[in-house]
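In: Pasting the sequence and the predicted coordinates here, then a few questions.
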Amino acid sequence: MPIVSADRNLLFGVFALQLDFIDRDQLVHGMNAWVLDKSRSLGDLLVEKGQLHPEDCRALETLIDAHLRRHGGRTEDSLAALQDSSGEVAGLSQELLAIDDDELRSCAQAMAVLESSSPLAEQHTLSEQDLPPDALQVGVSTSTGERFLVLRPHAKGGLGQVLIARDRELAREVALKEIQDKFADDEGSRQQFLLEAEITGSLEHPGVVPVYGLGRYPNGRPYYAMRFIQGESLRSAADRFHSAEGWSARPGERRVELRKLLNHFIDVCNVIEYAFSRNVLHRDLKPDNIMLGKYGETLVVDWGLAARIGPTAPIRTSTRPVGTPAYMSPEQADMERDSLTIASDIYCLGATLYYLLTGSAPLTDRTWGEVLEKARQGKFRRPREVQPETPRSLEAICLKAMSLNPDDRYATPASLASDIEHWLADEPVAAFREPIWQSALRWGRRHRTLAATAAALLVTATAALGIGLVVVKQEQLRTEGQRQTAVAARQMADRNAAEARVAQELAEAEARRADRQSALALSALKTMVFDLQIKLKDVPAAHRVRRDLLHTAIDRLRQVAGNLETDAEANHSLVWAHLDLGDIFLKAGSVDEGDWTRQALELYERGNAIAAQLAEQRQDPQTLHDLALSLDKLGDVRLALGDAGAAETFYRRGLVINQQRKAASPGDVAAAQDLAVSHNNLGDVKLRLGDVSAARAEYAVSLEIARQLAQAEPGNPEARRNLSVSYDRLGAVNVELGSLPAARDAYLQSLEINRQRALGEPDNIKVRIDLAVAHHHVGDVNLQLDRGEQALESFRESLAICESLIAADPDNTEARRMLSVSHQRMGNALMQQGELELAKSHFEKCQQRNQATAEADPANTVAQRDLAVAHEKLGDVNLALRDAAAALAHYQQMFALAEKLAAADPADTQAQGDLAIAHSKMGDAYADQDQLESARQSHQAALQISQQLAAADPANLQTQADLAAARGRLGFLESRDFAFQAAAEHFAAGVALLESLENQNKLEDYPLFQEWLSEQREMARFCREADRVLADVAVAAEASPGEAGSLLSLRLAAMLRRGDAMEVARTAQALGELAERPPAEGSLAPVTLLLQAVQGSAAAAALLRGDHLLAELPEAGAKQHQAMVDQVVHWLSIAKDRGALSDAAVRVGLRQDPALQSLLELPAVAAFFPEK
C-alpha cells in the first residue's frame, strides 16, 4: 500500500487543530499512531479512534487540496501560511520532535524554523485583520492594541451577561462577564459584581472557573475575564439520564450513567468544602450552576450570590430571599442572615442530589410565594415518591442533607460526599441503617458465594408461595441479575489478578535466567532447552518431542555437572550447572508429569551449598552474585511449593548479600539490578503472607532503584523495562490494599513507559507484548473503578496489538495467548456493564482459541489451565443469563481439567485452589437449578480442599480467607434449604477464623475483611434467630421490627415445603398482623406482608382440603377450612382498603396463584377480582 507522507499528514493535523475539529493531544497521539502504520493517513486514524467524523475528514481533505493549489502544491508553503495566521501551533514542533521517526522529525524541524521566524512567536497577539472589524476591544493595552476582543454574546442571567472574547495575548477564547445595562449604573450592583469577581478569583481550585483578569471599560463599568467552559450543565446530563426510557431500561448502562452523575456530585461537594475553608458560601447551588467539561471536569459556576462568613465579613442586607427558591434552604427562605452557615449550602447540595435522583426540583409549585412558603417549612415529596426506583440508601442521604433542622444535616460537604462514595463502593452509608438481608446481599456480591443472600432467601420464599405479583417479580429478577453479574465480576477480578501475578513471576524468572548464563557447554544446552521449547510450542502435537528434548538436556547437564565436580578450578561453573539443571527440571513440569519441583529444589540446594563454600574462601563480586542468585532460586521454588515462610528467609538472605555488593560498589549496575530484584522478591512473599503494607514498602524501594538506573542510563532498554515492571508491581499491591486510584496511577506510568518502548522498538515482539499487558492492567483497575468505557478502550488497544502481531506472525504463540486473554478481559468488562450476550461472544472466542492450543499440546499445563479459565468464564456468563444448565456444563468441563492438573502435581497449591473453585462453581450452578443436595456436596468438597490448603500454610492470609469464604458459601446454601442451625454453625466457624486473624493484627490493612467479619457475625446471629422462629412463630414478635417480616416470610416458605397447614395458617396470621402495624425502617412493605398473608391463608385452605382431617373429621375440617377462607377475605379487604388491589397487574398475579385459584369460585373471594 502507498505510504502517506509526513508533511501531508502534518498539514491535515494543523488544519484540523486550527478549525477546532481535534485538540493538540489528539494530533500528537495520531502522529504517534501513524509512525506505526504509514500506509494509513492521519485522517483515517482519527476517524477510526472516533475522534473525527468521516464527513468532517472528507471536508478537511477538500479544503487542504484547495489550499495546496493556492500555494503551488508546495506543502511547506502551505504549512508556513497556516503558522503565520495563528498561534494555535506554537511549540507544536517540539512535541513532534520527541517522536522517533526520521521523516516526521525532518518536518518538525522545518516547522521549528518557521515558528522561530513568526511574529507570533515574539508577540503572542493577534492582528486585528484576523477578527471581525466591529469586534469590541477591551483590557490593558499591549504593544499591538487591547487584549480582549469580543466575538459574540453567549448567555445572560441575573446581574450579569457573558460574552465570548479572544484573548489576543495568549491566542485563546475566554468568557468575558460584564454587568447588564439595566444594572450598570447602580453602585450596589457594581459592588456586588466586583465582590463576585473577587471571590471567584480567590478560590483556587480545579472545580472553580479560573479568573484571568479584572478591568474596566473606558466608561468605568467593570468586567472580568475567565475560562470559557465547553460542555453541558449537570442539569442537562440529569435530564438526559431520566429521559432515556427510565431507570430500568438497560440496567447496566443506566447504572454506569448514574455513577457518572454521582461522581460529578462528589466533585461539587469537594468544591464547596474548599470554599467553606476559605469562609465562602455559594448560596445558589443548583444543577444549572454546575458545568461538566468535555474531559471529565466538574466546575461550580455563578458565584454572584456568594457571601463571605465570619466575624470580619461585611454585613449585607436584603429585602428578599437570596437564591433560587426551588433549591434554597429553609433559613435562606426565612432571610435569617445570621443563621446562614455551611449547613445552608449542604441543603442546596441535597436539593441538587434530589434533582439527580428524580429529574425534578424539590419544589415545583407555580407561584414564587408558594415555593418560598414550602421552602421555609421544608415540605417536599420524598425522592422515592417522585421516582420509586431511587435506591433507599441514596434517598436517605438526600433527606439527611435536606433536613429542616440544620443540626440534623451533614456536618460538612466532605461527609456528604463520603456517604455517596460509600454507596458507589457498595458499602453501608451513615444515613441509612440497612436491613440484615441487604448487608448479606452486599457480602455475596463481594465474595464468591452461592446465589443465596438474605434477599435471595426472600425470593425463594416468595417462589414457594407461588406469588406472581408482576412488579415484585420484576424487581426480584432485576436484583438477582445484578447480583449474579456483580458476583461473577468479582470472581473474574480474583482470577485475573492471580493469573497476572503468576505470569509476572514466570516472566521475571525467565529474565533472571537469561541474564546469568555460563560461557561453557551449559550455554549451548540451555539454548537448546529454552529456545527450542519456545519454537516447538508452535508445532501441533509436539509435546512428545519437547519431553524427549528435556530428558536429553537433563542427562547432558548431569554429565557436565559430574565432570565439573572433579575440576577444582570450575567451581563457578559448577554452581551454574546445578542452578541451570534446576531450571530445566522446573521447565519439565510444564510438559511432563512427575514431581519435578522437588527435584529442582534438591539441585538448587546443591548449587547454593557450593556457592556458600566459595563465599567462605573469597568475597569477590562474582562469588557473591552466585550466592545471592542461588538463594533467590531457593526462595522461588519454596514459594511455588507453598512454603512462604521459608521463601522469605532465603529472599532476605539474598537481599543482605546484594546490599553488601551495592555498598561495596555503588556504581555497579548489576548489583543495583539484583538488589531491586531482591526487594521485589520480598514484596512477592509479603503479599503471599498477607502483609500488604510491607509488600508495598518493598516494591517502593525496588521502584526507586529502578528509577535511578533508568535515569542514569536513559538509553538502556532493560532499565526501562525494569522500571515498568516496578510500577506494575506497585499497582498490583495497591489493588490488594484497595487503593485503586494509586494503583491506576502506577499502572498508567508502566503503560506510558511501555508505549515509549514500543515506539522506539516497533519490531520488538516482546516489547509490544509488554504494552498489551500494560493495557490489560490499566483496563482491570478502571473496571474496578467503574470506568467501564475506559476499561473497554484499554482492552481494545490490547486486542489491536495482538491481532497485528498475529497478522505479521501467525505462529507466534505468545501473541496468540495474549489475544485470548484480551478477549477474556473484554468479556469481563462487558459483563460488568450488563452486556451479557456481547460478553459471552468474547468468552467463546477465548475458549475456542484455548481449546485449539490445549488439543495441540495436551501435556502443556499452562494451556490446560487457560482452557479451564475459559470454561469458568462461560459458566459465569451463562449463570448470569439464567441458563444454569449451560453454566453447569461449562463448570463441569472446568472441573475435569482442574482435577487432572491437581492430580498431576499434588504440591501445586494453585492447582489445588483451582480445583476448590471448580467445586464451588458447580455448587452455584446446582443451587440455581434447586438441586440443593448436589450443591451441598460440591461446596463441601471445596471446603475440604480449602481446609487442607489453610492447614498447610497457616501464615497465608489468602488461604485463610478462602476457607472463611467456603464456610460462608455453605452457610448461605443451608439457609436456602431452611437449615438455619447448620447455616449458623458455618457462619460461626468463618467468624472464628477471621477473629483469629484479627487477633493476630492481620486484618489491619484489609478494611474489606473487617467488614466481612462484621457481616459474618450478623449472618450467624440472623440464622440463629431464624431457627428459633422456625420452631415457634411467636418468637418473631421478639425480633426487631425491621427483621420480623423477613423471618416470617422464610418461616412461611419452610412450612409450605413441609405441608403443615396449621403452621402455614399461623404464619400467615402473624404476617397480616405485622402488616397492620406502623412500618419500621428497613422492613418489608406492609402491602407485601398483606399479600403474603392472603396467599399463605389460601395455601393453608388448600392444604386443609387435601388433609386427612376432612376425611376423618369432616365437620371439624370444614370449620378449619372456612376459617382459612375467612382469613383470605379479611386480608384481601384490608389490601383493597390500602389500594394494593387497584393495580390490575397485581390482581392478575394473584389470580394466577394456584392456591387462590381454588377459592375464586367462592363469591366472597371472587368479589375482589372484577376481571372475568
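Out: Sure thing, it's come through. Residues are numbered from 1 along each chain as shown.

In: Residue 161: what secondary structure?
Out: Per DSSP: H, G, I helix; E, B strand; the rest coil, the local secondary structure of residue 161 is strand.

In: So what sits opposite it in the bridge?
Out: Beta-bridge partners for residue 161, by DSSP bridges, are residue 156, residue 178.

In: What residues sit buried inside whatever helix or strand residue 625 lives in?
Out: Residue 625 belongs to helix 621-640 when assigned by DSSP states H and E. Buried residues in helix 621-640, defined by neighbour count with 16 or more other CB atoms under 10 Å: 623-640. C-betas here are computed from N, CA, C, even on glycine.

In: Please apply the same query to stretch 888-906.
Out: Those would be 888-891, 893-895, 897-902, 904-905, for stretch 888-906 by 16+ other CB under 10 Å.

In: quick one: average pLDDT of that stretch?
Out: The average pLDDT for stretch 888-906 rounds to 92.

In: Give me the contact list for it.
Out: Outside stretch 888-906, the residues that touch it by CB atoms under 8 Å, 6 or more residues apart in numbering are 589, 593, 595, 597, 861, 864-865, 867-869, 871-872, 874-875, 878, 908, 911-912, 914-915, 917-919, 921-922, 924-926, 929.

In: now stretch 322-329
Out: Outside stretch 322-329, the residues within contact range by CB under 8 Å, 6+ apart are 283-286, 305, 321, 332-333, 343-344, 347-348, 351-352, 361-364, 368, 371-372, 375, 406.

In: Relative to the whole chain's centre, how far out is that stretch?
Out: In this view, stretch 322-329 has its centroid 37 Å away from the chain centroid, taken as CA atoms, centre = their mean, to the nearest Å.

In: do stretch 729-737 as well
Out: A distance of 14 Å separates the centroid of the chain from that of stretch 729-737, by CA atoms, centre = their mean.

In: Helix or strand with the lowest mean pLDDT in this protein?
Out: helix 119-123 (a mean of 29; mean pLDDT, DSSP states H and E).

In: Name the next helix or strand following the helix or strand encompassing residue 951 along the chain.
Out: Using DSSP H and E, residue 951 maps to helix 932-952. Downstream of helix 932-952, the next assigned helix or strand under DSSP H and E is helix 957-976.

In: now the angle from that following helix to helix 932-952?
Out: 160 degrees (axes from the mean of the first three to the mean of the last three CA atoms, to 10 degrees).

In: And helix 957-976, what does it pack against?
Out: In terms of contacts (3 or more CB pairs under 8 Å, 6 or more residues apart in numbering; DSSP states H and E), helix 957-976 is packed against helix 436-446, helix 454-465, helix 909-928, helix 932-952, helix 980-999, helix 1007-1031.

In: May I see the buried residues of the helix holding residue 951?
Out: Across helix 932-952, burial judged by 16+ other CB under 10 Å covers 932, 934-936, 938-939, 941-943, 945-947, 949-950.

In: With just CA atoms, put stretch 813-826 into PDB.
Out: Taking C-alpha atoms only, stretch 813-826 is exported to PDB below (Å, rounded to 0.1, in the frame of the first residue of the first chain):
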ATOM      1  CA  THR A 813       2.400 -18.500  20.500                       C
ATOM      2  CA  GLU A 814       2.700 -15.700  23.000                       C
ATOM      3  CA  ALA A 815       0.700 -13.300  20.900                       C
ATOM      4  CA  ARG A 816      -2.000 -15.900  20.300                       C
ATOM      5  CA  ARG A 817      -2.300 -16.500  24.100                       C
ATOM      6  CA  MET A 818      -2.400 -12.700  24.700                       C
ATOM      7  CA  LEU A 819      -5.100 -12.300  22.200                       C
ATOM      8  CA  SER A 820      -7.100 -15.000  24.000                       C
ATOM      9  CA  VAL A 821      -6.500 -13.100  27.300                       C
ATOM     10  CA  SER A 822      -7.600  -9.900  25.700                       C
ATOM     11  CA  HIS A 823     -10.900 -11.400  24.600                       C
ATOM     12  CA  GLN A 824     -11.400 -12.600  28.200                       C
ATOM     13  CA  ARG A 825     -10.800  -9.100  29.600                       C
ATOM     14  CA  MET A 826     -13.300  -7.700  27.100                       C
END
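
In: Residue numbering should commence at 34 henceforth.
Out: Fine by me, first position is 34 from now on; the one you just mentioned is stretch 846-859.

In: what about it, average pLDDT?
Out: 90.

In: roughly how far out does it sit from the chain middle?
Out: 21 Å.

In: Contacts for that stretch next, please.
Out: So stretch 846-859 is in contact with 529, 532, 567, 570-571, 798, 802, 805-806, 809, 812-813, 825, 828-829, 831-832, 834-836, 838-839, 842, 872, 875-876, 878-879, 882-883, 886, 899, 902-903, 906, going by CB under 8 Å, 6+ apart.

In: List only those of the residues you listed flagged as buried.
Out: 529, 532, 570-571, 802, 805-806, 809, 812-813, 825, 828-829, 831-832, 834-835, 838, 872, 875-876, 878-879, 882-883, 886, 899, 902-903, 906.

In: from these, which ones fall inside helices?
Out: 529, 532, 802, 805-806, 809, 812-813, 825, 828-829, 831-832, 834-835, 838, 872, 875-876, 878-879, 882-883, 886, 899, 902-903, 906 (DSSP state H).

In: Residue 265 sits in which helix or strand?
Out: Element membership of residue 265 [criterion: DSSP H and E] is strand 264-266.

In: Ignore what I typed, I meant residue 112.
Out: Per DSSP H and E: helix 108-118 holds residue 112.

In: Starting from that helix, tell me the next helix or strand along the chain.
Out: Assigned by DSSP H and E, the successor of helix 108-118 is helix 125-130.

In: Show me what that following helix is packed against.
Out: Under the contact definition 3+ CB pairs under 8 Å, 6+ apart, helix 125-130 sits against helix 57-69, helix 135-150.
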